[in-house]
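Colleague: What follows is a predicted protein model with its sequence.
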Amino acid sequence: MLSPVKKIFEMFTEMFAPQQQEKDSTAAILENVKSEIREIRANIDQVNDSDVLDMYIYRLKAAEAQYRHLLKMAKENNSKQKIG
């Protein structure tokens, strides 16, 4: 299992990677991020330590930001394909 910091780093590395991903891979990444968000939310419910809770909140905000960005990119790519 990856450490939380490494997971976040890999998420942002994927997010800022060159635009070589096609529609299917964007959908797969969106599904991975949704799964990550669900996992984080489930873990937040079980945390007793305030420092660990802060970590999960940070990870959740990062994953939600990545999800919004990927959705925006997917919408832009769809509109460009319809125009072109």
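Modeller: Good, I have the coordinates. Numbering: from 1, shown residues only.

Colleague: check which helix or strand covers residue 27.
Modeller: helix 23-44 (DSSP states H and E).

Colleague: who does that helix touch, helix- and strand-wise?
Modeller: In terms of contacts (3 or more C-beta pairs under 8 Å, 6 or more residues apart in numbering; DSSP states H and E), helix 23-44 is packed against helix 4-15, helix 50-83. Bear in mind the C-beta positions are built from the backbone N, C-alpha and C, glycine included.

Colleague: So for residue 35, which of the ones you listed sits nearest?
Modeller: The stretch from those with the least distance to residue 35 (C-beta to C-beta) is helix 50-83; that distance is 9.6 Å.

Colleague: Just the angle for the closest one relative to helix 4-15, thanks.
Modeller: Angle of helix 50-83 versus helix 4-15, following axes from the mean of the first three to the mean of the last three C-alpha atoms, to 10 degrees, is 10 degrees.

Colleague: Any stretches of this protein with poor pLDDT?
Modeller: In the prediction, the chain carries residues with pLDDT under 70 at positions 1-2, 12, 15-24, 79-84.

Colleague: let's go with 90 and repeat that
Modeller: For the chain, the stretches with pLDDT under 90 are 1-30, 45, 73-84.

Colleague: Buried ones in the helix holding residue 27, by neighbour count?
Modeller: 26, 29, 30, 32, 33, 36, 37, 40, 43 (16 or more other C-beta atoms under 10 Å).

Colleague: and which of these is nearest residue 74?
Modeller: residue 26 (5.1 Å).

Colleague: Would you agree the closest one is in contact with residue 75?
Modeller: No: contact between residue 26 and residue 75 fails when scored by C-beta atoms under 8 Å: they sit 10.4 Å apart.

Colleague: Could you check how far the nearest residue to residue 37 once chain neighbours are set aside is from residue 25?
Modeller: With C-beta to C-beta, 6 or more residues apart in numbering as the measure, residue 63 is the residue that lies nearest to residue 37, at 4.9 Å, once sequence neighbours are left out. Relative to residue 25, residue 63 is positioned 18 Å away (C-beta to C-beta, to the nearest Å).

Colleague: Also residue 52?
Modeller: Taking C-beta to C-beta as the measure, residue 52 and residue 25 are separated by 32 Å.
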